[in-house]
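Novice: give the three-dimensional model of this entry:
(chains A and B)
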Number of protein chains: 2
Amino acid sequence: MKTISIESLTRIVEQILVKCGVSEEDSRITAEVLVTTDSWGVLTHGTKSLPGYVRRLQGGGLKVKGKPFAEREGPGWAIVDGDSSLGMVTGVFAMNLAMAKAKTNGIALVTVRNSCHFGPAGYYTYWAAIHGMIGMAMSNDCPSVAAPGSRGPVLGSNPFSFAAPAGNGSHVVLDISTAVVAGGKVRQTLAEGKAIPPGWLIDEEGMPTTDGNAYPHHGSLLPMAGHKGYGIALMIEIFSALLSGSLVRDKVGGWMFGDTAAATDHGHAFFAIDPSVFAGADVFATRMNDLVQGIKASPPARGVDSVLVPGDIERKKRSEAEKNGISLPDDIWEGLKTAAASVSMTLDDV
Amino acid sequence: MKTISIESLTRIVEQILVKCGVSEEDSRITAEVLVTTDSWGVLTHGTKSLPGYVRRLQGGGLKVKGKPFAEREGPGWAIVDGDSSLGMVTGVFAMNLAMAKAKTNGIALVTVRNSCHFGPAGYYTYWAAIHGMIGMAMSNDCPSVAAPGSRGPVLGSNPFSFAAPAGNGSHVVLDISTAVVAGGKVRQTLAEGKAIPPGWLIDEEGMPTTDGNAYPHHGSLLPMAGHKGYGIALMIEIFSALLSGSLVRDKVGGWMFGDTAAATDHGHAFFAIDPSVFAGADVFATRMNDLVQGIKASPPARGVDSVLVPGDIERKKRSEAEKNGISLPDDIWEGLKTAAASVSMTLDDV
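Specialist: Modelled structure (predicted):
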C-alpha cells in the first residue's frame, strides 16, 4: 500500500503524460480525471489504467497530439471525432460541448467516435453537475457480457452514469456497469480464494457456473438484472456507436490487451440538460434538496445507519483523501512506477 | 378466458371512454395505446387498467375534457401540463411534441406534470420508433420500492422505456420497471400457491423476506440490480418530476386505489432523438440492422433456440393477436364489463 496526496499523484500522472509527448493541458485534464476517480475510492477506473494508456501512446494507437473536434453539429447536438486522443481528453471535450449547447438549448446530445477507453463515466457527469447541469455519460466496449440465452459475450460492460446538482454544492452521481459485476471483481474474488456467487457467470455452453477461472476466456459475465441490463447495454451501444459511427461490439479494439499500434475506435454519448432552462436553477436546487433530504430521512433497515443517495460514499472518501491522501494498492503503485520508468522517470522520491 | 379481436376490443374501449364524456379523438388514442399493449402480451399495462381510469374520470380526478398543453417551451425542450387528462392522451401528446422538436433540433426533452398513470412506457417509444425516431420514456409513481438499506418503500417502480427503429419496418423496444419484479407478479405468484424467491421483498424492518403476504402493506419490493436500479429510479424521478414540477415520491397520488376525485399529479419525461440528423436515416437503419442481425446470429446457450433483442417477443405476440385475437384472462374481461356497466353499456354481444 502506498499513501500519497492528491496533489503528488496528480503531478506524477501529469509528468508521465507530458514525457510521453502529450500537451500540458491534456496531461492536466487526464490527471484530474484519473486522480479524482482514485480519490473517490473507485480504484478500478483511476490511475490503475495509466500504464495501459501509456503503452498505447507509445505504440501509436493513441495519438499523443490528438485533438478531438466536432465533425458535424447543430444547436442541440454534435458528432465528435476523438482523433484517437486520450479518452479522458475526448470525454471532457465532448461533455463541455454538450454543456455549452444545453445552456441555450435546454438539452444537448454529443456522440463520439474514434475514441478509446474513457475511464470513469462518473467523472463526466460529475463535471456537468458541479457546473449546474444534469449529465448522462455512456460508452461501448469490447464484448464481455452475455445476452439472456447467448453462449458467449454479446455486448461490453457498457458503463452508464447520471449526475445532477443537488443544491448547497452537493450532487447525486450514479456510475454503474451494466454487467452484473465488473470483470475485475471476478478476478479479485478468485485471488482472495472466495467462492464466485451464482448469477455472475456463464460457461462456454452458456450455462450458469461458479467457476471463476472460466472468465474471461471460457465464460462470460451476465448482464445486471437479466434482460433489463441487456436492454440498457443495447441502448448504450446504439447511443454511443450507432449514432456516432464508431466501431460496434466485437469490432471495438481492446484497449488493455489489444495491439497498441491500432486505434480502438470506442464510441461514447454525453447528454447535458440545463435545469435552469426547465425549472430555474434555484427552484431545481430546492426540489433536489427536498428529494435528497427526504430520502435520507427515510427510516433505515434494522442494522443500517441511514439511507444513502448515489455519490455519498464517493464524497466521503474524497474528503478523507483530501485529509489523509489516497491509499493505492501495491499493484497500482507498481504499475505507475513501470509507466514512469518507460519514460525514464523514477517515483522513488515521491 | 375471453378471446376477442384487436378491432372489437379497441371499439369497446373507445365506446366506454366516449360514454364517460371523453372526446372521440382522445378515446381513440387511449384505446390504441391500451389495446396495442394487450396485443403485445403485456396484459398488466393494457385494458386491465381501464376500470381504474374510468373510476377516476367519473370521480373527477381525471378530467374528461382535459387538454394537455405546453406550458413553456424552446426549440429543444418543453414542460407539458397534462391538465389531468388521461395519461395516455398526455403521453402521446408529449412524445409527439418531443418528436416534432427533435426533427429540427436533433434531440428534444419534454417533461410532463399534472398527469396520471400513463400505462405502458413502451408504447410511447414504440410510437417514436415507428416514426423513425429513437425514444426514451419514463414516469414516477407512488413509492413501492425500497432503496438499499431502507426500511420501507422510497421510490416508485419508476418505469423506463427505450426504442429505436431497426430498418425494414422493424424496431427494438425495451420496457422495464426499475423494481426487481412487478408488484403484480408477487400477487400472481402468491395466487398460484408458489414460493416467493429470495431477493424480491423486504419486510417491515427492511430485512429480506419470502413472505409474499407482506407486500404491499408490510413490506416493499427491492430495486432491480440493487443500488444500480435504485440509482436509475432516482434519475427517473428527477427527469420526470423535478424538471417538470409534478408531485414527488410519496406525494404522488395513487391512481388505482387513491381518492378518485383528486388529481394524482404524476410526472413523466419523454426524449426523442432523430437519427437522420446524426447519421442519416439510411445509414442508421443499416447500422441498426447489422447490430440486431449480429446479435441474433450469436451462438445460443445450450437448449436455447436463438438470442433475441428487446421487443421480439412482443412483435411475435402482436402478429398472433392479429390472426387469432387477444386472449384476455377472466379478471380483465370482468373488469371491462364492470367499466361498461358503469356507463350503461353491455358487452354481452361482443
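
Novice: then whichever strand or helix holds A:Lys185 to PDB, C-alphas only?
Specialist: Applying DSSP states H and E as the criterion places A:Lys185 in helix A:183-191. Taking C-alpha atoms only, helix A:183-191 is exported to PDB below (Å, rounded to 0.1, in the frame of the first residue of the first chain):
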ATOM      1  CA  GLY A 183     -14.700  -8.400 -14.500                       C
ATOM      2  CA  GLY A 184     -12.100  -7.200 -12.000                       C
ATOM      3  CA  LYS A 185     -14.400  -8.300  -9.200                       C
ATOM      4  CA  VAL A 186     -14.300 -11.800 -10.500                       C
ATOM      5  CA  ARG A 187     -10.500 -11.800 -10.600                       C
ATOM      6  CA  GLN A 188     -10.400 -10.200  -7.100                       C
ATOM      7  CA  THR A 189     -12.800 -12.700  -5.600                       C
ATOM      8  CA  LEU A 190     -10.700 -15.600  -7.100                       C
ATOM      9  CA  ALA A 191      -7.500 -14.000  -5.800                       C
END
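
Novice: is any part of it close to chain B?
Specialist: No. Helix A:183-191 lies out of reach of chain B by C-beta under 8 Å from any C-beta of the partner chain, never closer than 13.6 Å. All C-beta spots, glycine's among them, are computed from the backbone N, C-alpha and C.

Novice: next one: that helix to chain centre, how far?
Specialist: 19 Å (C-alpha atoms, centre = their mean, to the nearest Å).

Novice: after it comes which helix or strand?
Specialist: The C-terminal neighbour of helix A:183-191 among helices and strands, as given by DSSP H and E, is strand A:201-203.

Novice: and that following strand, what other elements does it pack with?
Specialist: Strand A:201-203 sits against strand A:208-209, strand A:219-221, with contacts defined as 3 or more C-beta pairs under 8 Å, 6 or more residues apart in numbering or on different chains; DSSP states H and E.

Novice: chain center to stretch A:138-156: distance?
Specialist: Centroid displacement of stretch A:138-156 relative to its chain, using C-alpha atoms, centre = their mean, is 17 Å.

Novice: picking up where we left off before, name the residues that touch the helix holding A:Lys185?
Specialist: Residues from elsewhere that reach helix A:183-191, judged by C-beta atoms under 8 Å, 6 or more residues apart in numbering or on different chains: A:Thr44, A:Ser144, A:Ser157, A:Ala195, A:Ile196, A:Trp200, A:Leu201, A:Gly212, A:Asn213, A:Tyr215, A:Pro216, A:Leu221.

Novice: please redo it, this time with the cut-off set to 10 Å
Specialist: For helix A:183-191, contacts defined as C-beta atoms under 10 Å, 6 or more residues apart in numbering or on different chains pick out A:43-45, A:48, A:144-145, A:157, A:177, A:179, A:181-182, A:194-197, A:200-201, A:211-216, A:219-221.

Novice: just the buried residues from those residues, in ChimeraX please.
Specialist: Of those, the buried ones go into a single ChimeraX selection, burial set by 16 or more other C-beta atoms under 10 Å in any protein chain shown:
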select /A:43,44,45,48,144,145,157,177,179,181,182,196,200,201,212,214,215,219,220,221
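
Novice: ok, back up a step: okay, the helices and strands packed on strand A:201-203 in JSON lines with mean pLDDT next?
Specialist: Formatted as JSON lines, these follow (pLDDT from 0 to 100):
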{"stretch": "strand A:208-209", "mean pLDDT": "96"}
{"stretch": "strand A:219-221", "mean pLDDT": "96"}
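
Novice: any chance of these in a markdown table, plus distance to chain B?
Specialist: Shown next, in a markdown table, are the helices and strands packed on strand A:201-203 (distance: least, C-beta to the nearest C-beta, whole Å):
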| stretch | distance to chain B |
| --- | --- |
| strand A:208-209 | 10 |
| strand A:219-221 | 10 |
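
Novice: so which of those comes closest to B:Asp312?
Specialist: Taking C-beta to C-beta, strand A:219-221 is the member of the helices and strands packed on strand A:201-203 nearest to B:Asp312, at 20.6 Å.

Novice: tell me what that closest one is packed against?
Specialist: With contacts defined as 3 or more C-beta pairs under 10 Å, 6 or more residues apart in numbering or on different chains; DSSP states H and E, strand A:219-221 has these neighbours: strand A:145-146, strand A:153-155, helix A:183-191, strand A:201-203, strand A:208-209.

Novice: now for the residue most central in space within chain A: which residues touch it?
Specialist: Most central in chain A under C-alpha atoms, centre = their mean is A:Pro120, positioned 1.9 Å from the mean C-alpha point. When contacts are counted by C-beta under 10 Å, 6+ apart, A:Pro120 touches A:33-34, A:36-38, A:40, A:42, A:44-46, A:49, A:88, A:91, A:126, A:137, A:159, A:161, A:175.

Novice: returning to that earlier point: need the helices and strands packed on strand A:201-203 in CSV with distance to A:Pro310, can you?
Specialist: Below are the helices and strands packed on strand A:201-203 laid out as CSV (distance: least, C-beta to C-beta, whole Å):
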stretch, distance to A:Pro310
strand A:208-209, 29
strand A:219-221, 22
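
Novice: residues near A:Asp83, how many?
Specialist: 19 (other C-beta atoms under 10 Å in any protein chain shown).

Novice: tell me how far the residue nearest to the centre of chain A lies from chain B.
Specialist: Distance, A:Pro120 to chain B, by C-beta to the nearest C-beta, to the nearest Å: 15 Å.

Novice: okay, and the helix or strand of chain A with the least pLDDT?
Specialist: Every helix and strand in chain A was compared by mean pLDDT, DSSP states H and E; the lowest is helix A:183-191, with a mean of 88.

Novice: would you mark the buried spots in that one?
Specialist: For helix A:183-191, burial by neighbour count (16+ other C-beta under 10 Å) applies to A:Gly183, A:Lys185, A:Val186, A:Thr189.

Novice: got the contact list for the helix or strand hosting A:Glu71?
Specialist: Here A:Glu71, judged by DSSP H and E, is contained in strand A:69-74. For strand A:69-74, contacts defined as C-beta under 10 Å, 6+ apart pick out A:77-83, A:85, A:90, A:93-94, A:97, A:101, A:105, A:108, A:110, A:112-114, A:244-245, B:76, B:104-107, B:277-279.

Novice: show me where the stretch 51-200 of chain A has helices.
Specialist: Secondary structure of the stretch 51-200 of chain A (DSSP state H, counting those that start in this stretch): helices at A:87-105, A:121-130, A:183-191.

Novice: most neighbours per residue, which of those helices?
Specialist: Burial of those is given as mean neighbour count (mean count of other C-beta atoms under 10 Å in any protein chain shown); helix A:121-130 ranks first at a mean of 26.

Novice: check which helices and strands that one sits against.
Specialist: When contacts are defined as 3+ C-beta pairs under 10 Å, 6+ apart, helix A:121-130 packs onto helix A:24-39, helix A:87-105, strand A:134-139, strand A:160-165, strand A:171-176, strand A:266-273, helix A:312-324.

Novice: coming back round to it: out of the buried residues of helix A:183-191, which is nearest to A:Gly253?
Specialist: Taking C-beta to C-beta as the measure, A:Gly183 is the one of the buried residues of helix A:183-191 closest to A:Gly253, at 16.8 Å.

Novice: show me the beta-bridge partners of A:Ile134.
Specialist: Applying DSSP bridges to A:Ile134 gives these bridge partners: A:Ile273.

Novice: report the rounded mean pLDDT for stretch A:286-306.
Specialist: Stretch A:286-306 shows a mean pLDDT of 97.

Novice: make TSV from the helices of the stretch 51-200 of chain A and add distance to B:Ala233 to it.
Specialist: Converted to TSV, those look like this (distance: least, C-beta to C-beta, whole Å):
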stretch	distance to B:Ala233
helix A:87-105	23
helix A:121-130	17
helix A:183-191	23
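
Novice: ok, the buried residues of helix A:183-191 vs chain B, which is closest?
Specialist: Chain B lies nearest to A:Lys185 out of the buried residues of helix A:183-191, by C-beta to the nearest C-beta, at 13.6 Å.

Novice: distance-wise, check A:Met99 relative to B:Ser344.
Specialist: Distance, A:Met99 to B:Ser344, by C-beta to C-beta, to the nearest Å: 57 Å.

Novice: ok, A:Pro272 - contacts?
Specialist: For residue A:272 the amino acid is Ala, not Pro. Applying C-beta under 10 Å, 6+ apart, we find A:Ala272 in contact with A:94-103, A:105-110, A:124-125, A:127-128, A:131, A:133-137.
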